[in-house]
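In: Predicted model, plus sequence, below.
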Amino acid sequence: MNKVYVLGGAQTDFGRNWTKEGKNVIALLSEVIDDGLKDVGLTYEEIKVLNNEGKIACFMANFIGEYFINQGHLGALLTEVNPAFYGVPSARYEAACASGSVALDSAISKIISEDYDVAIVVGWELMKTVDSKTCGDYLGRAAYYSQECEGIEFPFPKLFGKLADETIKKYNLNEKEYLNNLAKISAKNYCNAKRNPNAQTKKWFMNEEQAMNRGTDTNAFVGGKLAISDCSQVTDGAAVVVLVSEKYLKKNNLSNEYPRIKGWGHRVAPMIFEKKINDNKDSNYILPWTRQAVIDAYNKAQMTIESIDFFETHDCFTSSEYVAISAFGIEKPGEENNAIEKGRTSFYGDKPINPGGGLIGVGHPVGASGIRMFLDIYKQVARKAGLYQLEKANNGMMLNLGGSATTNYVFIIGNDRYNT
Amino acid sequence: MKINTVTVIGANGTMGRNVAGIFASFGNAKVYMVCRRLVDAKEAKMKAAISVRAEAINKNLIPKIYDELRECIMDSDLIFESVTESFEVKKYIYKLISDFVKEGTIIGTGTSGLSINKLSQSFSAKNKKFFLGIHMYNPPYNMTLCEVVPSEMTEKEVIIKVKDYLKNVLYREVVEVKDEPAFMGNRIGFQFINEALQCAEKYKMKGGIDYIDAILGGFTGRSMPPLVTGDFVGLDVHKAIVDNIYENTNDYEHLTFILPDFAQKLIDENKLGSKSGEGLYKKTIKKDGQKIFDVFDIYTQEYRPIRKYKFEFVQKVRKNLLKGNYKSAMDCLINDTSKEADICMQLLIKYVLYGIYITKKVGEDIHSVDHVMATGFGWIPPLALIDAINCVSSFEKEVRKKMPKEFLETINLEYLLKDIEKSTYDYRPFFKAK
């Protein structure tokens, strides 16, 4: 099978509020595309040449621009960024918070099939155009809206609050200990984000005690047992990666030591949360389809957990990072607490999760998050993560969730020198 | 350096309590918040926790009164003095604590402009070594700048350790500056605001205050126009800062630190700015809850509705910024020949040049000015503004083209532009399409 390499990419500072800056989606896209192209050394002139050969395409991830900025037909927006995109195949991909992954998946397939040699994959969301309650309502479209979200204030924290309840129930956990472990996840991700110049929370204060201090004015409950400290925050942002074929590397005399996509998995669980839970009765895993997507990726890459040095997970809420620990295979289902309590998933642990801060620390501009996670894995493997560079980062795995863990996407990116 | 316990003296003031919040949160230090009355200290404690959005730090915040100062001081690794900006009052406090401060305790003053060397003289030789200025900006949770100002007697090792603590534990953007009036950020920032005030008076027939703010809006690299900022800071505070600089310095911008008469008149009438409901601007809330913003008209000496100026260059710049076309935006700004575009460019050029002049005089290196203006004011850093201009022209060329001959004769442009480096900041987020 043809190999797909990651040439590089860029992201915007997720701490920025583009509405406050008075700028629109074209400004956002122009900035991230300019930076991404600079990072990989590609010019607009070269894009024109590749396009004349029919060897380049763009894949745009976005969840719900129609609501946030009254704009559809998003794949065509790049033509407003630069005339070099005139004629370049481009379309929008959507799978709620996993929109980035579905765009990546399509791009990877098109390179494997040799349709294109270069794929520009960009994800974005502008969410600060509305107040937080309206935003929460819009995001409800990522679940089965009429049944699970309509008329409910902040429906998603409530759905992931239910995941916390179900986790306690399924594994018969001590509630206090479980919630303290969720607080540890939150504090870890905030702490990791302090090293990340693009993180939304880089100036914010959070520690374990504050994260445990749920139900107070500064850490109010938002969804069942979950409080603000358990949530990633909405923000504005964009991220881009450039994927290329082996042929492109050879043609341009580039080394094949660029990080490569080694495996992936894509599974869709029942959309309605209650049905998801009913569906797990015969499984040790609370989210069996999430686990299956991980297994698929391991199989595709012919790798096991032992070869994965670090993880990027979709910590839209602390309760989702908690279950990811067993889904990745770091601990057995029901024993996730071991990894947290022993610091295995911390920055200096043996299986770090979210070394750059994750969604909680970096921020969660929905359509951008999947690409941002992928970019962060790339940066670690390419040893370009700056202050949040891990010592050992030969192979990394990411898990990107859409909805209430409905769409599950997993990718493994690694260096070709370390295939096992 | 491990700081376990801090005493904040004057914790009832805005800076005192907010800085207490920073020590107690990021620093996880036990903080004695010393006020004259316990009720004030308790209120300050509550506000300090809110300022860092973390009630969990309440356990670290301990309200105290001056009667208990001795025990607090003796238990502390660091003392942060944040009492009123009066040399006499500070001297009195230093005398009070001198008798029982243990050797090795860091003593920091939060003064925003009094001479650290002069203040240092209140201490004995052994305490002088541990005394220095720790100047944070308000609100410190959002504005991360911290100017560290050693006196001639501060021990080198102490400076290094304090800077390391502020940077790596409290997550401050630390810039060491020389002991000059208003240090660095305020000297550059308030020069700009005061010159904007002077321009408002000069162009009072054209509209004055809102005219100048419309020329120097968000599109010039800031969140709010300079005179809105001045109104927010308070004209009394503004006056204290510019008077101090005017009286104690004498550089090429000396005259731009003179407070215009109309501003003094507003101060005399207690129209200090947003904190007193009226100042340069006036906010009125109607019965139906609608907020009305008026501006002080310097010519008529009365408040009137804010005008919606429609300068062509501003509209063009904003239109380009909206789509992130920074190059075209800069092109529109630089090449417009209107009077307003000239005023705008001249003030921006003066801001850059004065910033460089001051950083060369009091900063650590050329980049100090960028750190100070970006993280203390949220304004476009001077070197980043040069980068933006250089995208379409050459900064030096624009200086020679736009600035009056008399001004160029007062500066040494060659010296100012020598060894200029590319900014470490990205100029794009600073330009607002507003």
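Out: Received the coordinates, thanks.

In: Name the residues of chain B found near chain A, please.
Out: Proximity of chain B to chain A is assessed by Cβ under 8 Å from any Cβ of the partner chain, with B:25-26, B:28, B:49-50, B:52-57, B:141-142, B:144, B:171, B:218, B:223, B:318, B:321-325, B:428-429, B:431-434 identified as the residues in range. The C-beta positions use only the backbone N, C-alpha and C, and glycine is treated the same way.

In: Of those, grab the buried ones for PyMOL.
Out: Filtering the residues of chain B next to chain A down to the buried ones (16 or more other Cβ atoms under 10 Å in any protein chain shown) takes a single PyMOL command:
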select buried, chain B and resi 25+26+49+50+52+53+54+55+56+57+141+144+171+218+318+321+322+323+324+325+428+429+431+432+433+434
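
In: just checking, which of the residues of chain B next to chain A belong to helices?
Out: When the residues of chain B next to chain A are checked against helices (DSSP state H), the matches are B:Ser25, B:Ala49, B:Ile50, B:Arg318, B:Leu321, B:Leu322.

In: Pipe those residues into CSV and attach pLDDT per row.
Out: Listed next are these as CSV, based on pLDDT from 0 to 100:
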residue, pLDDT
B:Ser25, 98
B:Ala49, 97
B:Ile50, 96
B:Arg318, 98
B:Leu321, 98
B:Leu322, 98
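
In: Mind listing what's buried along stretch A:391-400?
Out: Going by neighbour count (16+ other Cβ under 10 Å), the buried part of stretch A:391-400 is A:Ala393, A:Asn394, A:Asn395, A:Gly396, A:Met397, A:Met398, A:Leu399, A:Asn400.

In: a markdown table please, covering those residues and showing distance to chain B and secondary structure.
Out: Putting those into a markdown table (distance: Cβ to the nearest Cβ, whole Å; DSSP: H, G, I helix; E, B strand; the rest coil) gives the following:
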| residue | distance to chain B | secondary structure |
| --- | --- | --- |
| A:Ala393 | 24 | coil |
| A:Asn394 | 29 | coil |
| A:Asn395 | 31 | strand |
| A:Gly396 | 27 | strand |
| A:Met397 | 30 | strand |
| A:Met398 | 27 | strand |
| A:Leu399 | 29 | strand |
| A:Asn400 | 27 | strand |
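
In: Just give me the closest of those residues to B:Gly363.
Out: Ranking the buried residues of stretch A:391-400 by separation from B:Gly363, with Cβ to Cβ as the measure, puts A:Ala393 on top at 37.1 Å.

In: and that closest one, what is it in contact with?
Out: With contact taken as Cβ atoms under 8 Å, 6 or more residues apart in numbering or on different chains, A:Ala393 is in contact with A:Asp309, A:Phe310, A:Gln380, A:Val381, A:Arg383, A:Ala385.

In: Please apply the same query to A:Tyr171.
Out: A:Tyr171 neighbours (Cβ under 8 Å, 6+ apart): A:Pro333, A:Gly334.

In: Return the distance of it relative to chain B.
Out: The gap separating A:Tyr171 from chain B is 28 Å, by Cβ to the nearest Cβ, to the nearest Å.

In: Tell me the pLDDT of that residue.
Out: The model reports A:Tyr171 with a pLDDT of 98.

In: now A:Ala227
Out: Listed pLDDT for A:Ala227 reads 98.

In: Which phi and psi values does it adopt?
Out: As for A:Ala227, its main-chain torsions (degrees, to the nearest 10) stand at phi -120, psi -180.

In: again, but for B:Glu81
Out: Per degrees, to the nearest 10, the backbone of B:Glu81 is at phi -90, psi 130.

In: Number of residues surrounding it?
Out: When neighbours are defined as other Cβ atoms under 10 Å in any protein chain shown, B:Glu81 has 23 of them.

In: related to what we said a few turns ago, for the contacts of A:Ala393, could you give me a markdown table that also reports distance to A:Ile286?
Out: As requested, the contacts of A:Ala393 are arranged in a markdown table below (distance: Cβ to Cβ, whole Å):
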| residue | distance to A:Ile286 |
| --- | --- |
| A:Asp309 | 25 |
| A:Phe310 | 23 |
| A:Gln380 | 28 |
| A:Val381 | 30 |
| A:Arg383 | 35 |
| A:Ala385 | 31 |
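
In: of those, closest to A:Asp230?
Out: Closest approach between the contacts of A:Ala393 and A:Asp230, by Cβ to Cβ: A:Phe310, at 22.4 Å.

In: partners of that closest one in the sheet?
Out: The residues paired with A:Phe310 through beta bridges, assigned by DSSP bridges, are A:Gly396.

In: Having no further points to raise, I will conclude here.
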